[in-house]
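Undergrad: What follows is a predicted protein model with its sequence.
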Amino acid sequence: MDIVELVSIWEKREAMKNISGLGSHKSILNLIAGIKNDKPTLKVFLNIDDQHAISFIKDHPDIPKGTYFEFVFVKSNKEQKDPAKMKNYSSYPIEKNVQEMLSKSIKT
(Lines give C-alpha, C1' and ligand atoms only; values in the text may rest on other atoms or scores of the structure.)
Protein backbone atom coordinates (compact mmCIF):
# COMPACT_ATOMS: atom_id res chain seq x y z
CA MET A 1 0.00 0.00 0.00
CA ASP A 2 1.22 3.46 -0.78
CA ILE A 3 0.82 6.50 1.49
CA VAL A 4 -2.11 7.95 -0.50
CA GLU A 5 -4.13 4.77 -0.05
CA LEU A 6 -3.31 4.62 3.68
CA VAL A 7 -4.43 8.23 4.18
CA SER A 8 -7.65 7.49 2.30
CA ILE A 9 -8.38 4.52 4.56
CA TRP A 10 -7.66 6.60 7.67
CA GLU A 11 -10.03 9.37 6.50
CA LYS A 12 -12.80 6.81 5.95
CA ARG A 13 -12.27 5.47 9.48
CA GLU A 14 -12.61 8.93 10.96
CA ALA A 15 -15.73 9.61 8.88
CA MET A 16 -17.36 6.46 10.28
CA LYS A 17 -16.99 7.77 13.84
CA ASN A 18 -18.97 10.90 12.91
CA ILE A 19 -22.08 9.17 11.56
CA SER A 20 -25.15 11.33 12.10
CA GLY A 21 -27.68 10.05 14.61
CA LEU A 22 -25.31 7.98 16.75
CA GLY A 23 -26.15 10.07 19.81
CA SER A 24 -29.76 8.89 19.73
CA HIS A 25 -28.62 5.30 20.40
CA LYS A 26 -27.07 5.24 23.86
CA SER A 27 -26.24 1.53 23.61
CA ILE A 28 -23.58 2.21 20.93
CA LEU A 29 -20.30 2.62 22.79
CA ASN A 30 -17.69 2.75 20.02
CA LEU A 31 -17.06 2.08 16.34
CA ILE A 32 -13.89 0.80 14.72
CA ALA A 33 -13.64 0.85 10.94
CA GLY A 34 -11.00 -1.00 8.98
CA ILE A 35 -10.27 -3.77 6.55
CA LYS A 36 -10.54 -7.43 7.52
CA ASN A 37 -9.96 -10.22 5.02
CA ASP A 38 -9.79 -7.61 2.24
CA LYS A 39 -13.33 -6.42 3.05
CA PRO A 40 -14.36 -3.10 4.61
CA THR A 41 -15.42 -3.91 8.16
CA LEU A 42 -17.18 -1.93 10.85
CA LYS A 43 -16.89 -3.30 14.38
CA VAL A 44 -19.59 -1.90 16.65
CA PHE A 45 -19.37 -2.14 20.45
CA LEU A 46 -22.79 -2.14 22.09
CA ASN A 47 -23.62 -1.94 25.78
CA ILE A 48 -26.55 -4.34 25.33
CA ASP A 49 -28.17 -6.35 22.53
CA ASP A 50 -30.10 -3.43 21.02
CA GLN A 51 -31.78 -4.48 17.77
CA HIS A 52 -32.83 -0.88 16.99
CA ALA A 53 -29.20 0.26 17.10
CA ILE A 54 -28.07 -2.70 14.97
CA SER A 55 -30.65 -1.96 12.28
CA PHE A 56 -29.76 1.76 12.46
CA ILE A 57 -26.10 0.96 11.72
CA LYS A 58 -26.86 -1.60 8.99
CA ASP A 59 -29.32 0.69 7.17
CA HIS A 60 -27.45 3.99 7.59
CA PRO A 61 -26.96 5.77 4.24
CA ASP A 62 -23.45 7.04 5.15
CA ILE A 63 -22.09 3.49 5.50
CA PRO A 64 -21.02 2.07 2.13
CA LYS A 65 -22.88 -0.93 0.76
CA GLY A 66 -20.93 -4.16 1.04
CA THR A 67 -19.54 -3.29 4.49
CA TYR A 68 -19.15 -6.28 6.77
CA PHE A 69 -20.41 -5.71 10.35
CA GLU A 70 -19.22 -7.18 13.63
CA PHE A 71 -21.27 -6.49 16.75
CA VAL A 72 -19.78 -6.94 20.22
CA PHE A 73 -22.08 -6.90 23.25
CA VAL A 74 -19.99 -5.66 26.15
CA LYS A 75 -22.49 -6.35 28.91
CA SER A 76 -22.85 -10.04 28.04
CA ASN A 77 -19.05 -10.43 27.89
CA LYS A 78 -18.71 -8.99 31.40
CA GLU A 79 -21.33 -11.39 32.72
CA GLN A 80 -19.54 -14.38 31.20
CA LYS A 81 -16.36 -13.87 33.22
CA ASP A 82 -15.80 -16.64 35.69
CA PRO A 83 -16.15 -15.22 39.21
CA ALA A 84 -13.98 -18.05 40.58
CA LYS A 85 -11.01 -16.71 38.61
CA MET A 86 -11.37 -13.20 40.02
CA LYS A 87 -9.36 -12.77 43.20
CA ASN A 88 -10.99 -11.24 46.23
CA TYR A 89 -8.16 -9.99 48.38
CA SER A 90 -10.46 -8.90 51.18
CA SER A 91 -11.12 -12.52 52.08
CA TYR A 92 -7.51 -13.21 53.10
CA PRO A 93 -7.20 -13.29 56.90
CA ILE A 94 -4.66 -10.97 58.52
CA GLU A 95 -3.21 -11.85 61.91
CA LYS A 96 -4.28 -9.59 64.81
CA ASN A 97 -0.74 -8.39 65.62
CA VAL A 98 -0.16 -7.43 61.96
CA GLN A 99 -3.45 -5.51 61.94
CA GLU A 100 -2.46 -3.60 65.08
CA MET A 101 0.99 -2.79 63.67
CA LEU A 102 -0.52 -1.56 60.41
CA SER A 103 -3.11 0.59 62.17
CA LYS A 104 -0.38 2.20 64.31
CA SER A 105 1.70 2.91 61.20
CA ILE A 106 -1.28 4.46 59.40
CA LYS A 107 -2.21 6.67 62.37
CA THR A 108 1.29 8.16 62.64
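TA: Thanks, I have it.
Undergrad: Give the full set of residues in contact with the residue nearest to residue 35 when sequence neighbours are not counted.
TA: Distances taken as CB to CB, 6 or more residues apart in numbering place residue 41 nearest to residue 35, at 6.5 Å, with adjacent residues excluded. Every C-beta, even on glycine, is put in place using the N, C-alpha and C of the backbone. Shown in contact with residue 41 (CB atoms under 8 Å, 6 or more residues apart in numbering): 33-35, 67-70.
Undergrad: Can you tell me which of the residues you listed is nearest residue 5?
TA: residue 35 (10.7 Å; CB to CB).
Undergrad: Helix or strand next in line after the helix or strand bottoming out on mean pLDDT in the chain, which one?
TA: The helix or strand of the chain with the lowest confidence, counting by mean pLDDT, DSSP states H and E, is helix 74-80 at a mean of 64. Sequence-wise, the next helix or strand downstream of helix 74-80 (DSSP states H and E) is helix 96-107.
Undergrad: What mean pLDDT does that following helix get?
TA: Averaging pLDDT along helix 96-107 yields 85.
Undergrad: Show me which residues of it are buried.
TA: Buried residues in helix 96-107, counting neighbours by 16 or more other CB atoms under 10 Å, are absent.
Undergrad: do stretch 57-65 as well
TA: 57, 63.
Undergrad: May I have the distance across that stretch, first residue to last?
TA: For stretch 57-65, the first and last residues are 12 Å from each other (CA to CA, to the nearest Å).
Undergrad: From the chain's centre, how far out is it? Work that out for me.
TA: 21 Å (CA atoms, centre = their mean, to the nearest Å).
Undergrad: tell me the mean pLDDT over that stretch?
TA: Per-residue scores along stretch 57-65 average to 84.
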